[in-house]
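Asks: sequence and predicted structure below; questions after.
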Amino acid sequence: MTVSQAIKNEAIRLVEVNDDNFVDLMDLETAESQKGYVASNTVSMAQAYAVLASGKFVQCFGIYDGDTPVGFAMIGHRSEEYEGMAEVYRHSYYLWRFMIDQRYQGKGLGRDALKLLLDYVRTFPDGKEDAWSTSYDGDNEAAKHLYTSFGFVPNGEKDSSYEDAEDVAVFSLV
Ligand SMILES: CC(C)(COP(=O)(O)OP(=O)(O)OC[C@H]1O[C@@H](n2cnc3c(N)ncnc32)[C@H](O)[C@@H]1OP(=O)(O)O)[C@@H](O)C(=O)NCCC(=O)NCCS
């Protein structure tokens, strides 16, 4: 799968979550109407801590436009096992959490951040895989449009860990 790597927002960058930035990232929020689509960044960071403590892989990033924190992303790989888990998660990296704060949405930052996250996943930080997967609520038009136009292809699976089972989509890394 070929994706144009052209970045619209030149100052965009990923910064690993650290002792200096986690409080700023906790303060980032989606719109009220989007809250059902993604966990709060505070919950995501707590969950990542638990995954790391159990010896599994997870990586959390702040998304920055220059020095301004604008979003948050969490990449998983064989991080958890649960009932209703999509089969493809057993052999892919996954975009586990992804959000742009409501103040900064609609400027192309989400698409640019996805390109940077793809570059990161392609370093195979936890071993080689052929795919990068994600899931989204079928009503989440913004996420559905962004992911599918980026190159994620729905594979027909559902992630049933959510109250409303989410659609699973897969980006080929080969
Ligand atoms: C999904 C999200 C990360 C996108 O971030 P963003 O910075 O606003 O995205 P961009 O500005 O890069 O826009 C990406 C594309 O989505 C489109 N888009 C935005 N809102 C849309 C909507 N409601 N319906 C359809 N398309 C939409 C944009 O037009 C753009 O399309 P284009 O690049 O083809 O022109 C952001 O909306 C968000 O944080 N939502 C809440 C959390 C969430 O849903 N996370 C994903 C969980 S699966």
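Replies: Nice, I can see it.
Asks: CA only for contacts and neighbour counts going forward, please
Replies: Noted.
Asks: could you tell me the end-to-end distance of stretch 49-58?
Replies: Start to finish, the residues bounding stretch 49-58 are 9 Å apart (CA to CA, to the nearest Å).
Asks: any buried residues in that stretch, and which?
Replies: Burial within stretch 49-58, assessed by neighbour count using 16 or more other CA atoms under 10 Å, is assigned to 49, 51, 56-58.
Asks: adding secondary structure, pLDDT and distance to Ser161, write those out as TSV.
Replies: TSV is the format used below for those (DSSP: H, G, I helix; E, B strand; the rest coil; pLDDT from 0 to 100; distance: CA to CA, whole Å):
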residue	secondary structure	pLDDT	distance to Ser161
Tyr49	helix	97	19
Val51	helix	98	16
Lys56	coil	98	19
Phe57	strand	98	19
Val58	strand	98	18
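Asks: host element of Arg111?
Replies: Assessed by DSSP states H and E, Arg111 sits inside helix 109-121.
Asks: any idea of the mean pLDDT in that helix?
Replies: For helix 109-121, mean pLDDT is 98.
Asks: what's Ala39 in contact with, if anything?
Replies: Arg97 (CA atoms under 8 Å, 6 or more residues apart in numbering).
Asks: pLDDT below threshold where in this structure?
Replies: Low-confidence segments of the chain (pLDDT under 70): 1-5.
Asks: which residues of it fall in helices?
Replies: Here the chain has its helices, by DSSP state H, at 22-26, 41-53, 109-121, 141-150.
Asks: out of those helices, which is closest to Gly84?
Replies: With CA to CA as the criterion, Gly84 lies closest to helix 41-53 of these, at 18.2 Å.
Asks: check whether the closest one contacts the ligand.
Replies: No. With CA under 6 Å from any ligand atom as the criterion, the ligand is not reached by helix 41-53; the gap is at least 10.5 Å.
Asks: output the contacting helices and strands for that helix.
Replies: helix 22-26, strand 57-65 (3 or more CA pairs under 8 Å, 6 or more residues apart in numbering; DSSP states H and E).
Asks: how about the shortest one, does it reach the ligand?
Replies: No. Interface with the ligand: helix 22-26 contributes nothing (CA under 6 Å from any ligand atom), its closest point being 13.1 Å away.
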